[in-house]
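>>> Quick check, what structure comes out for this input:
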Amino acid sequence: MLDAWRNRWPEGRRRLLATTVAALLLLLLVGLIHALFWARVLPLAEATPLRRFAIPLNAVLTLAYGLLYYRSRSMWPVFVLHLLVNAQLVLIARYSILPDL
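Now for the predicted structure:
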């Protein structure tokens, strides 16, 4: 999605506008995936003072994934970073999509 919007115009203000639209669409897509799927699967986090930072921090992380992809031109670094983020959620927060056995 990012490449499709970004590469629509080769240069100038249109390319900047297209890149901005692409970033916003990416945030919307990732936000909807998490809101409509993961929010139903994962348990609700306890209400802590830090909870209010979850959405802004995840938005920054999503944009960082996009930047990492453009800098490396490969999805492998993005995959490794996303794996580490998810691993810390599983190991520290003890999230699981598996039923209790």
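>>> what does the average pLDDT come to for the longest helix along the chain?
In the chain, taking DSSP state H as the definition, the longest helix is helix 13-33. For helix 13-33, mean pLDDT rounds to 84.
>>> Pick out the residue closest to the middle of the protein.
residue 62 (3.3 Å; C-alpha atoms, centre = their mean).
>>> What number of residues are in the vicinity of residue 77?
14 (other C-beta atoms under 10 Å). Yep, even glycine has a C-beta here, placed from its N, CA and C like the rest.
>>> surely it meets residue 68?
Yes: using C-beta atoms under 8 Å, residue 77 is in contact with residue 68, at 5.4 Å.
>>> ok so, going back, skipping its backbone neighbours, what lies nearest the residue nearest to the centre of the chain in space?
residue 30 (4.9 Å; C-beta to C-beta, 6 or more residues apart in numbering).
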